[in-house]
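S.K.: Sequence and computational prediction follow.
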Amino acid sequence: MEKLSLILWRERELLETLAYKLEVEQLILASGRSRWLAHSTKEVEEVLELLRETEVLRAIAADEVAEDLGLAPAPTLSAIAEAAAEPWRAILDDHRTAFVTATREIAELSESNRGLITAGYRSARETLLSLGGNADGYSPDGSAVLDAPRKRLLDRSL
């Protein structure tokens, strides 16, 4: 049980780190300065990889605990907590509550970042389109509807 709890603590730390990295990414996106965006995205991916590795370790530890408690393989954290004696029940319930909270926060940050990325992409696309033609709106599938490119006059005497 102790091994499982230690792995759950590690997962919680990684989820906190992921939330932090997503907030940094959000600040970069909101600033409109994309210099560090690739670096920030790489850091998010690295934390996600560590989380995947830790999830495998957690699954193995959970199966070991399930066998000790007489539960079926691949039990939920709630099922393990219900079958565990105190103080493990309270500790596992605390882990579960922390995971639910962290997951909700990460989902909100991810959705917000996705919106910022989409808005930035559209803005950049419309800017580029305006250099070669005017965007007259959008078609039902979301693609830009363009009119013919116009010639531009540039006064080089300034």
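M.R.: Nice, I can see it.

S.K.: How many residues are close by the residue lying closest to V44 once chain neighbours are set aside?
M.R.: Once flanking residues are discounted, V44 sits nearest to K21: 4.8 Å by C-beta to C-beta, 6 or more residues apart in numbering. Where you see a C-beta, it was placed from the backbone N, CA and C, and this is true even at glycine. K21 has 21 neighbours, counted by other C-beta atoms under 10 Å.

S.K.: for this structure, what spans make up the helices?
M.R.: For the chain, the helices defined by DSSP state H occupy 2-31, 37-69, 77-83, 88-132.

S.K.: would you list the ones you listed in TSV and tack on mean pLDDT?
M.R.: Converted to TSV, these look like this (pLDDT from 0 to 100):
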stretch	mean pLDDT
helix 2-31	94
helix 37-69	94
helix 77-83	93
helix 88-132	83
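
S.K.: so what's the spatially closest residue to I7 that is not a sequence neighbour up against?
M.R.: Taking C-beta to C-beta, 6+ apart as the measure, I7 lies nearest to R58, with 4.8 Å between them; neighbours along the chain are not counted. Taking C-beta atoms under 8 Å, 6 or more residues apart in numbering as the criterion, R58 is in contact with L4, I7, L8, E11.

S.K.: With A30 instead?
M.R.: When the contact criterion is C-beta under 8 Å, 6+ apart, the partners of A30 are L116.

S.K.: One more pass at 6 Å, please.
M.R.: Taking C-beta atoms under 6 Å, 6 or more residues apart in numbering as the contact definition, A30 lies against nothing.

S.K.: how much space between it and R58?
M.R.: For A30, the distance to R58 under the criterion C-beta to C-beta, to the nearest Å works out to 34 Å.
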